[in-house]
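A.B. asks: any chance you could fold what I've pasted below:
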Amino acid sequence: MTTSTSTPGEPDRRPGERGDLLDPLCPTRQLLDRIGTKWTSMVVKVLAETDPDEVRFAELRRRIPGISQKMLSVTLQSLARDGLIERRVEPTVPPAVHYRLTELGLSLEEPLSALRIWAETHMPEIDRSNRLAET
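C.D. replies: Below is the predicted model:
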């Protein structure tokens, strides 16, 4: 199966060719929309820190302050659908659900980590700009 990176009004491109990131229908843009959320970044960070071990849903929720049960569930479903995490369910009552990063998910940790480091490094400048904009 090949995936299309085409843009509206253009013929399908070969796999690996770049689409038009500015087009809302571009598959790359849609993927960036999914992986660019704060919750995705936090889930990937927690799971990367525990690699190769698995983490249960309740433990993820405890380790990510402020995330709701629904938002964590939606984020995990999206990451699983994209092949970034694996989900394992133990047939207990209630079911014990475990998550871990796939190789693809582990490869996402490095760029997300670089973005977090950039944000931490430049936060004083951003704060300064925000304070100046308020005056």
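
A.B. asks: show me what the helix or strand bottoming out on mean pLDDT in the chain is in contact with.
C.D. replies: Scoring the helices and strands of the chain by mean pLDDT, DSSP states H and E places helix 27-35 at the bottom, with a mean of 91. The contact list for helix 27-35, computed with CB atoms under 8 Å, 6 or more residues apart in numbering, reads 3-5, 18-19, 21-24, 40, 78, 82, 84, 108, 112. Any C-beta I mention is one placed from the backbone N, CA and C, and that applies to glycine too.

A.B. asks: pull the most distant pair out of those.
C.D. replies: Using CB to CB, those span at most 25.8 Å, a distance reached by 4 and 112.

A.B. asks: what about the two, which has more around it?
C.D. replies: Between residue 4 and residue 112, counted using other CB atoms under 10 Å, residue 112 has the larger neighbour count: 17 against 13.

A.B. asks: the more buried one should be in a strand, yeah?
C.D. replies: No: assigned with DSSP: H, G, I helix; E, B strand; the rest coil, residue 112 falls outside any strand and is helix.

A.B. asks: so what's the nearest residue to it once chain neighbours are set aside up against?
C.D. replies: Excluding its sequence neighbours, the residue lying closest to residue 112 (CB to CB, 6 or more residues apart in numbering) is residue 41, at 5.0 Å. Residues in contact with residue 41, defined by CB under 8 Å, 6+ apart, are 112, 115, 116.

A.B. asks: include distance to residue 98 when you put those into TSV, please.
C.D. replies: Converted to TSV, the contacts of residue 41 look like this (distance: CB to CB, whole Å):
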residue	distance to residue 98
112	22
115	27
116	25
